[in-house]
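J.: Sequence and predicted structure below; questions after.
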Amino acid sequence: MASEDVKTSESAVSKIVNLAEEAKLAREGVKAPSYAILRICKSLVAGGVAGGVSRTAVAPLERLKILLQVQNPHNIKYNGTIQGLKYIWRTEGFRGLFKGNGTNCARIVPNSAVKFFSYEQASKGILYMYQQQTGNEDAQLTPLLRLGAGACAGIIAMSATYPMDMVRGRLTVQTESSPYQYRGMFHALSTVLRQEGPRALYKGWLPSVIGVVPYVGLNFAVYESLKDWLIKSRPFGLVEDSELSVTTRLACGAAAGTVGQTVAYPLDVIRRRMQMVGWKDAASVVTGDGRNKAPLEYTGMIDAFRKTVRHEGFGALYKGLVPNSVKVVPSIAIAFVTYEVVKDILGVEIRISD
């Protein structure tokens, strides 16, 4: 009996030691490869869900924004947010409000997944280098460093999914009366490849990348900096137990979206216009109707800026800003909060700003 008690005690001690070792490894960030892969997959799923939910919620405004950006100045069909939505409803019905959303989600889900995951990894790498450089292991990311991490994430995500964004723009613009109809994303991809070549899939990539640096960078930097400030200063009783409510986080995301999209919007307009160049049998909203058809040719980003401002004025760089603002503010807010909520549900312990 005594020997059995000794064996039982030794077994219990062994289990305690093993548990202590596992806890130590966990604190030091050493985890089994399978666990790390699972955590990465969960993070990607959370980012993808966040992108799909947030973009579908504002799909009608997204389509109207693109139509306002690329419509021919000689043949105006869309004169504002309310009029534009009513016109789409009257001419194309309910489905017209969500035209291109399937392709948009097919693009935004992987884009959002890669973007959020890339931001977390870039943040870790930048923070490590910053701590090594300053010699302070307790140093935290500054707003500028967060801006850099967000910019890296935006460039990676944009480049990885840009061909889908390009064809999504064309699918969104075409109407029932368009001379030629793309039947879907894959048909559009194959048609563009066959008629215009592989380089056509990256038309407008440069202004997109330049625009994504301030846009995504500011989104992450403003969102995280606001959250940190609220948690540290605790104004108006908004913080309970070092946690922000969903409403407060939505407000932080809305502020981040407002700042980012206002700064980067002109580059988004130029990107869309460059994507329409070379499109045979383009929709009439792009080419214009009747005798007033205007050639749609740009030799590059600078040329597109110059011609747009010369022919339509500086305000043309902000065409569609109102529906875009109405779209972006809730979209960014929903994306950030959905990402964090889904990660909590999936049991991923590392979240933005942690």
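T.: Received the coordinates, thanks. Numbers count the residues shown, from 1 in each chain.
J.: List the residues that contact the residue nearest the centre of the chain.
T.: Nearest residue to the geometric centre of the chain (C-alpha atoms, centre = their mean): residue 112, 5.2 Å. Contacts of residue 112 were listed using C-beta atoms under 8 Å, 6 or more residues apart in numbering, and they are 47, 48, 50, 51, 52, 54, 157, 335. For the C-beta atoms, the positions are set from N, CA and C on the backbone; glycine is no exception.
J.: switch to 7 Å and redo it
T.: Each residue near residue 112 by C-beta atoms under 7 Å, 6 or more residues apart in numbering is listed here: 47, 48, 50, 51, 335.
J.: Show me what counts as buried in stretch 139-156.
T.: 141, 143, 145-156 (16 or more other C-beta atoms under 10 Å).
J.: same thing with stretch 125-140?
T.: Within stretch 125-140, the residues that count as buried by 16+ other C-beta under 10 Å are 126, 127.
J.: contacting residues around that stretch?
T.: 141, 145, 148, 149.
J.: now swap in stretch 256-268 and tell me
T.: Under the contact criterion C-beta under 7 Å, 6+ apart, stretch 256-268 has outside partners 207, 210-211, 214-215, 218-219, 222-223, 317-318, 321, 324-325, 328-329, 331-333.
J.: Find me the pLDDT at residue 240, would you?
T.: With respect to pLDDT, residue 240 scores 66.
J.: Oh, that last question was meant for residue 81, not what I typed.
T.: For residue 81, pLDDT reads 81.
J.: gap between it and residue 88?
T.: Distance, residue 81 to residue 88, using C-beta to C-beta, to the nearest Å: 11 Å.
J.: now the protein, which segments are flagged as low pLDDT?
T.: Applying pLDDT under 70 to the chain picks out residues 1-35, 175-180, 236-242, 278-296, 349-354.
J.: those strands in it, which residues are they?
T.: With strands called from DSSP state E, the chain shows them at 239-240, 243-244.
J.: Quick check: end-to-end length of stretch 46-66?
T.: Stretch 46-66 has an end-to-end distance of 27 Å (C-alpha to C-alpha, to the nearest Å).
J.: and if you look at stretch 138-148?
T.: 20 Å.
J.: Tell me who's in contact with the closest residue to the residue nearest to the centre of the chain other than its chain neighbours.
T.: Among residues not flanking residue 112 along the chain, residue 51 sits closest, at 2.5 Å (C-beta to C-beta, 6 or more residues apart in numbering). For residue 51, the contacting residues are 108, 109, 111, 112, 113, 335, by C-beta under 7 Å, 6+ apart.
J.: nearest to residue 303, of those?
T.: Taking C-beta to C-beta as the measure, residue 111 is the one of the contacts of residue 51 closest to residue 303, at 27.4 Å.
J.: The closest one is in contact with residue 157, isn't it?
T.: Yes. The criterion here is C-beta atoms under 7 Å, and residue 111 meets it with residue 157 at 4.8 Å.
J.: Can you give me the neighbour number for residue 348?
T.: Residue 348 has 18 neighbouring residues, counting by other C-beta atoms under 10 Å.
J.: returning to what we had before: ok, which pair from the contacts of residue 112 is furthest apart?
T.: 48 and 335 (10.8 Å).
J.: Tell me which of these two has more neighbours.
T.: Legend: neighbour count by other C-beta under 10 Å for residue 48 and residue 335, higher for residue 335 (28 against 22).
J.: ok, the nearest residue to the more buried one once chain neighbours are set aside - contacts?
T.: Among residues not flanking residue 335 along the chain, residue 54 sits closest, at 3.9 Å (C-beta to C-beta, 6+ apart). Counting by C-beta under 7 Å, 6+ apart, residue 54 touches 331, 334, 335, 338.
J.: Of those, which belong to helices?
T.: Secondary structure assignment by DSSP state H places 331, 334, 335, 338 of those in helices.
J.: And the residues you listed, which is closest to residue 250?
T.: Of these, the one sitting nearest to residue 250 (C-beta to C-beta) turns out to be residue 334, at 7.4 Å.
J.: Please report how far the residue lying closest to the closest one once chain neighbours are set aside lies from residue 326.
T.: Spatially, and ignoring its direct neighbours in sequence, residue 334 is nearest to residue 54 (4.1 Å; C-beta to C-beta, 6+ apart). From residue 54 over to residue 326 the distance is 14 Å, taken as C-beta to C-beta.
J.: And for residue 78?
T.: From residue 78 to residue 326 the distance is 14 Å (C-beta to C-beta).
J.: Check residue 345 too.
T.: Relative to residue 326, residue 345 is positioned 29 Å away (C-beta to C-beta).
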